[in-house]
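[1] One predicted model, sequence on top.
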Amino acid sequence: MVPPTATVEAAPPTALATATELPQRRLRAVALLLNLGHAIDHMFLLIFATAVGPIAAEFGFDRWEDLMPYGVGAFVLFGLGSLPSGRLGDLWGRRRMMLLFFFGIGLSALLAAATRNAWELAAALTLLGAFASIYHPVGIPMLLQRVPNPGAVIGLNGLAGNLGIAVAALSTGFMVQWFGWRAAFALPGLLAVGCGLLFARLCPQETEAPARRSSRARVQLTPALLARVFAVMTAASVTGSLLFNFTTNGNAQLLSERFRGIVEDPALLGMMLAAVYALASLAQVVVGRLIDRVPLKPLYLGIALAQVPLLALATQAEGWWLLLLLLAVMVVIFGSIPFTDAMIVRYVDDRMRSRVAGARLTVSIGISSLAVWLLGPVVKNAGFSTLLWAMALIAGCTVLMVLALPREDAAG
C-alpha cells in the first residue's frame, strides 16, 4: 500500500525550489535596496558641496567659501536626527523608517532644486539632513540582522556608501555643466522616490519591532568594559567624521585650486575625484573582510596611524602628486569607517542597536558638522595647507583613542 505522503515525494523538484527561492530573491533585492540607500544618503549630502561654485554665482556670492556655511544645517540635523531615528527604528520598526528615509530625502532634494536664494536652500538642505539621519542607525542594523559575516557585509555596505560619494562628484559635475545645478538635486530626488516605491513593494512587513526581540550580543562585556568601548567608539567616531566631512566637502575645491593651470574643466575634475572615491571605497571591502578574521584593535590602530603622515605630506603637494596622495588619504579615511559599526554588531544586542548607533551618531556627527561650517572660513583665511595640518592633528587624536580600546581577550 502506498503511503499518503508518496504524492508529495513525487512533486517536481523545480516547483519546490521555486517556492523556497522566491523569498530569498526578495531578501536579496531588499539588501540591494538597503545598500543603494547608503549610496543615496552620502550622495545627497554632497551634492551641495560639489555644486557650491555655480550655486554661489547664481545667488550673488563672490566666493564659494561664503556660501558654504549655509549647508551646515544638513549636517547638524544629520547628526541630531540620528537619536530619534534610532529610537523609532527599534521601537516603531525599521521598515517603516526606511520608507520615510527614501521618500523624505527624495522630496527634500526636489525642494532644494526649486529654491530661489541661499536661505531657502539652507532650509531645504536642513530638511534633507533630517531625513538623511535615518539611514545609518536604521538601515545598517536592518541589513546586519542575523548575518553570519557582519564584517564582510559592513564592508560591502561601506563600499556602496562611498560609491555614492563618487557618483556625487561625477554626476553633479556633469549635470551642472549640461543642465544646471538644479538638475543635480532634482534627478537624484526622483531616483530616491522610485527606490522608496520598490522598497515598499519588496520588503516584507516586520512581525515585531526590534526592541521586542530576544537576542544577545556576539561578545559579552562587563558593564565597565562596555561603557569604555562606547566612549572610545564615540570619540573616535567624532574625529573620523571630522576627517570625512573635511575631505568629502572640501576635496572638489582642493583639486580645483591645486590643479589650476593643469586641469580646469569642472567635469574632468569631477571624473578625477570620482575615480579617487571609487578606488578608495574598495578599502572598506578589504577592511570588512579582515574584521571577520583578525583582532579589531591592531587593525584599527594601523589604519589610524597611516592617516597622520599622509595628511602631512598632502599639505605641500600639488598637481598629479596631490591626486596620488589624495587617493592614499581617502583609502585610510574610508578604511577606518567600518570599525564603529563592527563594534556595535560585536558588543550590542540587535534589539537595541539602532538606539546605540543613533546615540553615537548624534554625538559624532553633531560635533563633526562643525567641519562644514568651518571649511569655508578656514580655507578663505588660512588656506588648504593649514586645514590639512589640522586634519593630521585630528588623526593623531584618533590614534590615542584607539589605544584605549580593550584587548580582544579582555572581551571574553
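    Nice, I can see it.
[2] Regarding the chain, what is its longest helix?
    helix 13-58 (DSSP state H).
[3] Give me the mean pLDDT for that helix.
    Mean pLDDT, helix 13-58: 77.
[4] Tell me the helix or strand right after it.
    Counting by DSSP states H and E, the element after helix 13-58 in chain order, helix or strand, is helix 64-67.
[5] Give the other helices and strands that that next one contacts.
    Where contact means 3 or more Cβ pairs under 8 Å, 6 or more residues apart in numbering; DSSP states H and E, helix 64-67 is packed against helix 13-58, helix 370-382. Yep, even glycine has a C-beta here, placed from its N, CA and C like the rest.
[6] Residues contacting it, please?
    52-53, 55-56, 59, 61, 118, 253, 375-377, 379-380 (Cβ atoms under 8 Å, 6 or more residues apart in numbering).
[7] For the nearest residue to G79 once chain neighbours are set aside, give me its contacts.
    Spatially, and ignoring its direct neighbours in sequence, G79 is nearest to I365 (3.0 Å; Cβ to Cβ, 6 or more residues apart in numbering). With contact taken as Cβ under 8 Å, 6+ apart, I365 is in contact with 75, 78-79, 82, 133, 241.
[8] picking that back up, could you single out the nearest of the contacts of helix 64-67 to P150?
    L375 (33.3 Å; Cβ to Cβ).
[9] The closest one - how many residues pack around it?
    23 (other Cβ atoms under 10 Å).
[10] Number the chain from 363, please
    All set: I'll call the first residue 363, so the last point we hit is now L737.
[11] follow-up on the earlier one: tabulate the contacts of I727 (a markdown table), appending distance to A668, pLDDT and neighbour count.
    A markdown table is the format used below for the contacts of I727 (distance: Cβ to Cβ, whole Å; pLDDT from 0 to 100; neighbours: other Cβ atoms under 10 Å):
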| residue | distance to A668 | pLDDT | neighbour count |
| --- | --- | --- | --- |
| F437 | 26 | 81 | 26 |
| F440 | 27 | 86 | 32 |
| G441 | 26 | 80 | 21 |
| S444 | 28 | 87 | 29 |
| S495 | 30 | 92 | 31 |
| S603 | 18 | 84 | 24 |
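[12] Could you identify the pair within the residues you listed that is furthest apart?
    S495 and S603 (13.0 Å).
[13] returning to that earlier point: could the helices and strands packed on helix 426-429 go into CSV alongside distance to L552?
    CSV is the format used below for the helices and strands packed on helix 426-429 (distance: least, Cβ to Cβ, whole Å):
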stretch, distance to L552
helix 375-420, 12
helix 732-744, 26
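[14] Can you tell me which of those is nearest to V670?
    Between those, helix 732-744 lies closest to V670; by Cβ to Cβ that is 17.8 Å.
[15] Tell me the buried residues in the closest one?
    733-738, 740-741 (16 or more other Cβ atoms under 10 Å).
[16] of the contacts of I727, closest to R622?
    Taking the contacts of I727 together and measuring to R622 by Cβ to Cβ, the closest member is F437, at 28.0 Å.
[17] Just give the nearest non-adjacent residue to that closest one, would you?
    F437 sits nearest to S731 (Cβ to Cβ, 6+ apart), 3.5 Å away.
[18] so that neighbour sits right up against V438, yeah?
    Yes. Assessed by Cβ atoms under 8 Å, S731 is found in contact with V438 at 4.7 Å.
[19] who has more neighbours, those two?
    More crowded of S731 and V438, by other Cβ under 10 Å: S731, with 24 against 21.
[20] so who does that one touch?
    Applying Cβ under 8 Å, 6+ apart, the residues near S731 are 434, 437-438, 440-441, 607.
[21] for L658, same thing?
    Here L658 is in contact with 701, 704-705, 708, 767, 770 (Cβ under 8 Å, 6+ apart).
[22] what's the lowest-pLDDT member of these?
    Within these, lowest confidence goes to E770 (61).
[23] who's in contact with A704?
    512-513, 516, 650, 653, 658.
[24] Could you identify which of the residues you listed has the most neighbours?
    Busiest of the contacts of A704 [other Cβ under 10 Å] is I516, holding 29 neighbours.
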